Structures are given as C-alpha cells and as structure tokens.
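# Below are the sequence and a predicted model; questions follow.
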Amino acid sequence: MQPQDLLPLEGFRQLAVRSILEEFGGRHPTMLEISSIPDSQLLKLPGFGPSTIGRIRSLLNGEQNDINLSLKNTYEDLLYELDRLLENVTKSQMDHYQHQKRMIDKMQRILVGLRARSSSLKQL
C-alpha cells in the first residue's frame, strides 16, 4: 500500500471504524495520516486494543492479512514467513517478559522503601 492510499476499514470492528472516522472529522484517513498517530493515542480510542493496533501496523508495514493470498505463495515462501512470524512472536514475548520483570523489580524496591519508611515512622 502507498502512503496516500486510504486505510482499508473493512475487517475492523465497527466501534474502531467509528473512532477512526471521528478522529479524522468524519473523513476516511490515508495510510500516512493513520501512521502519524502514536499507538498510545490510538489505544485511547474506543474499540482499540492491541489487536487493532497490530492490524493497523501490519497494514502500514505492507503485510498481507488476506489468507487467500497465501495460496499464491510457494511452500518455501510460506515456511519462511511462518519462521519469521514465530521469531517475531518469540522476541515479543521475551521483550514483554523483560519489561514485566523490570516492573516487578521496581515495585519490589518501592515496597522495600515503603516498609523502611513505615518502620522508621513507628519508632517516632
């Protein structure tokens, strides 16, 4: 898809479509326009979640979501694509795990700090 092409709205839930159209004053946005909106802002829109963001990003990256297109690919092409997607999922899971671990470590440090403050207040 080209940046000037309209974002294909079919396949999105109706609530997400309404949110996109409202975000752009009732008009259908181009791929370039939707790409300029950060994920954090899109996630605030009604009907948007990680899967909707993922679908938009895959469209922006030129990935085809139509399963019928896979019939045109060779076995090797499909195997390569499957391997690539599995690698992406694994990396994503590892990134998520590392982020989650950092957040837990930070919460534990905060808890230790709160306990230290609490015990020093009791001594007063």
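Cool, got the structure.
# Okay, buried residues for the helix or strand of the chain with the lowest mean pLDDT please.
Ranking every helix and strand in the chain by mean pLDDT, DSSP states H and E puts helix 50-60 at the bottom, with a mean of 84. Buried residues in helix 50-60, counted by 16 or more other Cβ atoms under 10 Å: 52, 53, 55, 56, 59. Quick note: C-beta positions are derived from backbone N, CA and C, even for glycine.
# Closest to residue 22 out of those residues?
residue 52 (14.7 Å; Cβ to Cβ).
# Can you check which helix is longest in the protein?
helix 75-123 (DSSP state H).
# What average pLDDT does that one get?
The pLDDT scores in helix 75-123 average 88.
# Relative to the whole chain's centre, how far out is that helix?
16 Å (Cα atoms, centre = their mean, to the nearest Å).
# From the contact counts, what lies against that helix?
Packed against helix 75-123 by the contact rule (3 or more Cβ pairs under 8 Å, 6 or more residues apart in numbering; DSSP states H and E) you find no helix or strand.
# before we move on, back to that, what's the closest of the buried residues of helix 50-60 to residue 106?
The nearest one, if we look at those relative to residue 106 and count by Cβ to Cβ, is residue 53, at 24.9 Å.
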